[in-house]
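Coordinates for the following, if possible.
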Amino acid sequence: MDQSVYPSSTDDLAAIRRDLAPQTLRTFQDFGRQVFADGEIDARTKQLIAVAVAHVTQCPYCIRGHVKAALKAGASDKQIMEAIWVAAEMRAGGAFAHSLLALDEIRKQRGA
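Residues are numbered from 1 along each chain as shown. Below you'll find the predicted structure:
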């Protein structure tokens, strides 16, 4: 049984989203084009950042879309994997850093 909680991205669903809020969609798309355009950070690096963030947020649509965009912008397979490893370290690092909250609570509850 192969079911996903995520629907496939179809033209039909995209049309519904567009028809429900066309101006908002255009504004969002314009924002995305501006954010990912070359600036002080080049577009390839921005896409590699997006690949890492997509893995931290665990958005399957974002992962696929930004990997595709990173490749189109000239990123190598190894650069993409390295960005994913950065995301993995950051995600694990958050758990490690927040362990201090648990340890502090344990200490408080134990009266130490």
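
Next, give phi and psi for Y6.
Note on Y6: its backbone torsions stand at phi -100, psi 120 [degrees, to the nearest 10].

who are the neighbours of the longest helix along the chain, in terms of helices and strands?
For the chain, the longest helix by residue count, based on DSSP state H, is helix 77-110. Packing contacts for helix 77-110, counted by 3 or more Cβ pairs under 8 Å, 6 or more residues apart in numbering; DSSP states H and E, involve helix 43-57, helix 60-72. For the C-beta atoms, the positions are set from N, CA and C on the backbone; glycine is no exception.

what's the most buried one of those?
Scoring the helices and strands packed on helix 77-110 by mean neighbour count under mean count of other Cβ atoms under 10 Å gives helix 43-57 as the most buried, with a mean of 19.

elements contacting that helix?
Going by 3+ Cβ pairs under 8 Å, 6+ apart, helix 43-57 lies up against helix 60-72, helix 77-110.

average pLDDT for the first one?
Across helix 60-72, pLDDT averages out at 97.

start the count at 9, not 1, going forward
With 9 as the first residue, the last one maps to helix 68-80.

I92: what's it in contact with?
I92 makes contact with V59, A60, H63 under the criterion Cβ atoms under 8 Å, 6 or more residues apart in numbering.
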